[in-house]
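> Build me a structure from this.
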Amino acid sequence: MGNIPDSTINIGIITGDYYYAATEPTHRHRRPVRWEKIGLSRTVFTQPALYEVGSFLTIFRIRKHADEFLAALHATENAVDAMTSVVESVANQENDEENTDEPRASRIERHTRDHILEALHKNLTHQEFEEFTADLLRALGYQARVTQYNQDGGVDVIAHRDPLGVEPPQIKVQCKHLTSTIGAPDVQQLIGTQGPGDYVVFVTLGNYSRDAKSIERQRSGLRLLTGEDIVTLFLDHYTQLPERWRTRIPLTPLLVVADNADL
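Here you go, the predicted model:
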């Protein structure tokens with residue numbers, strides 16, 4: 001098992017023995033792994049399973065919820081979103097005790113982020129996600145409006161700084177209410193709407209393929225926002241969001257013991 005920096009989960013199979021890579025600058029202790037599932041959204045798994053995974057950027061063994069991750073590993077659905085029911089059906093049959101480790105700051109933060117991501121995915125319709133994105137842009141200080149809803153994609157939200165929307169730059173936003181991986185073709189489609197001086201932003205609850213990220217690095221005026229980016233913006237600007245969304249995903253501030261506190 002492995003977490004990667006964007007918080008998605010990789011599932012792989014160890015294919016060889018341990019070896020020491022003396023010439024490598026980091027991670028010298030290694031075992032070869034064949035990665036079978038890449039970039040799985042955390043929304044696919046139950047909360048107890050996510051507790052066991054934690055937020056570590058490493059490879060480690062799953063002990064208590066192996067059946068749940070094996071279900072995701074062997075699922076034949078092409079879309080990650082479709083795996084949720086497969087994993088939940090396995091999880092409902094498990095009788096393992098809940099993870100009883102004492103709470104830590106990092107665990108509470110990760111649980112909160114998982115809860116927000118899941119709520120945005122499961123509790124909002126596609127059209128509501130576009131409306132949420134527009135409100136999030138308003139909380140960031142932009143003027144924003146939702147275009148006519150169209151399930152075929154295209155530009156879903158238009159944002160700008162000036163009140164009338166006549167001064168450049170104009171920001172064109174496409175929203176994908178998915179937790180799966182967005183590929184280069186979808187990103188290229190959005191770029192096709194970019195006019196002179198425009199910025200284009202892709203918003204999804206999932207992640208992007210390597211090719212899609214490569215386009216972002218090479219293309220001026222393009223920004224790809226992942227589910228983790230959206231959760232961060234949601235947390236940073238929570239109090240500026242309309243009550244509509246704060247009621248749907250209620251949060252409260254609290255102080256918790258730091259992970260490294262010397263008790």
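
> Find the residue ranges of the protein scoring beneath the pLDDT cut-off.
1-6, 51-61, 63, 76-103, 149-153, 261-263 (pLDDT under 70).

> which stretches of it form helices?
With DSSP state H applied, the chain shows helices at 47-53, 66-74, 83-91, 105-122, 126-139, 184-191, 210-218, 227-236, 243-248, listed in chain order.

> Which other helices and strands does the last one contact?
In terms of contact count using 3 or more CB pairs under 8 Å, 6 or more residues apart in numbering; DSSP states H and E, helix 243-248 is assigned the packing partners helix 126-139. Bear in mind the C-beta positions are built from the backbone N, C-alpha and C, glycine included.

> Pull the residues that contact the helix it packs on.
Helix 126-139 is touched from outside by 120, 124, 144-146, 149, 151, 156-157, 159, 171, 173, 175, 177, 203, 205, 230, 233-234, 237, 240-242, 244-245, with contacts defined as CB atoms under 8 Å, 6 or more residues apart in numbering.

> Domain boundaries for the protein, per the record?
As given by automatic domain parsing, the domain ranges for the chain are 2-97, 126-248.

> Nearest to Ala258, out of the ones you listed?
Comparison of the domains of the chain against Ala258 by CB to CB identifies domain 2-97 as nearest, at 14.8 Å.

> Take the helices of the chain and write them to a markdown table, including mean neighbour count and distance to Ile14.
A markdown table is the format used below for these (neighbours: other CB atoms under 10 Å; distance: least, CB to CB, whole Å):
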| stretch | mean neighbour count | distance to Ile14 |
| --- | --- | --- |
| helix 47-53 | 19 | 17 |
| helix 66-74 | 18 | 13 |
| helix 83-91 | 17 | 22 |
| helix 105-122 | 17 | 25 |
| helix 126-139 | 20 | 38 |
| helix 184-191 | 16 | 30 |
| helix 210-218 | 13 | 23 |
| helix 227-236 | 18 | 27 |
| helix 243-248 | 12 | 42 |
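
> still on that earlier bit, now the domains of the chain as CSV including distance to Ile108?
Compiled in CSV, those are given as follows (distance: least, CB to CB, whole Å):
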stretch, distance to Ile108
domain 2-97, 11
domain 126-248, 13
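
> Is His65 in contact with Ala49, as I believe?
Yes: using CB atoms under 8 Å as the test, His65 is close enough to Ala49 to be in contact (4.0 Å).
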